[in-house]
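> turn this into a model:
(2 chains)
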Amino acid sequence: DTEVTQTPKHLVMGMTNKKSLKCEQHMGHRAMYWYKQKAKKPPELMFVYSYEKLSINESVPSRFSPECPNSSLLNLHLHALQPEDSALYLCASSHEGQGKSPLHFGNGTRLTVT
Amino acid sequence: DAKTTQPPSMDCAEGRAANLPCNHSTISGNEYVYWYRQIHSQGPQYIIHGLKNNETNEMASLIITEDRKSSTLILPHATLRDTAVYYCIVRVVGGSQGNLIFGKGTKLSVKP
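This is a model prediction of the structure:
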């Protein structure tokens, strides 16, 4: 079990669907992250939120839209995805976003785009 | 690009120490060495981190060379559950650059 909870664990969606991935932590962390991991590859950073504000967007296509409604929640809204977007989407949190504390990861949402 | 070099794979006998090397020859003074591992179908798990002194916790020990250009993660008594991909990461402390950028890692196989 991890202290970062991601739902759903698995998601299958068509290219015209709209869906959302959810992430929740109750450790009082103020930085939250989205990573994408393709099969047999390392995780790749997508977005960073620090104190509920988007601080890093690693040139992610606009069909991925992050949202941080409060300090405990992080969403990733998905729209008009392509089959190549199929991957494991990982959420993480840390005490702050300046490299001084470890990131804690959830177990991810495995997304399949058909 | 990742700033670390790790062997792609290693084997270790169950019950023996696993010593995982990492080269980070271009490390800067404000960069920490972090180690994570990822067991199949799970998210990455934090193991340990350090700046220049050796560190030990309940999971592992981290040995950093005096010039900080390389380090070794030591799992003192490897078990089958330690089979995973181990990532060595250098991470800037301070400012908006303190993000975790993963390299390819080392796939450690612990064998009975």
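> residues of chain A that sit close to chain B?
A:2, A:4, A:33, A:42-45, A:48, A:50, A:55-56, A:90, A:92, A:97-100, A:102-108 (CB under 8 Å from any CB of the partner chain). (Glycine included, C-beta is placed from N, CA and C.)
> any of these buried? List them.
Buried subset of those (neighbour count, 16 or more other CB atoms under 10 Å in any protein chain shown): A:2, A:4, A:33, A:42-45, A:48, A:50, A:56, A:90, A:92, A:97-99, A:102-108.
> filter the residues you listed down to just the ones in strands.
By the criterion of DSSP state E, membership of those in strands covers A:4, A:33, A:44, A:45, A:48, A:50, A:56, A:90, A:92, A:104, A:105.
> what about the residue most central in space within chain A, distance to residue B:111?
Among the residues of chain A, the one closest to the centroid is residue A:34, at 3.1 Å (CA atoms, centre = their mean). Shown here: residue A:34 relative to residue B:111, a distance of 35 Å by CB to CB, to the nearest Å.
> quick one on the thing from earlier: for residue B:7, state which of the ones in strands among the buried ones among the residues of chain A next to chain B is nearest.
residue A:44 (21.7 Å; CB to CB).
> the closest one pairs with what?
Beta-bridge partners for residue A:44, by DSSP bridges, are residue A:36.
> contacts only, for it.
A:35, A:36, A:37, A:38, A:58, B:102 (CB atoms under 8 Å, 6 or more residues apart in numbering or on different chains).
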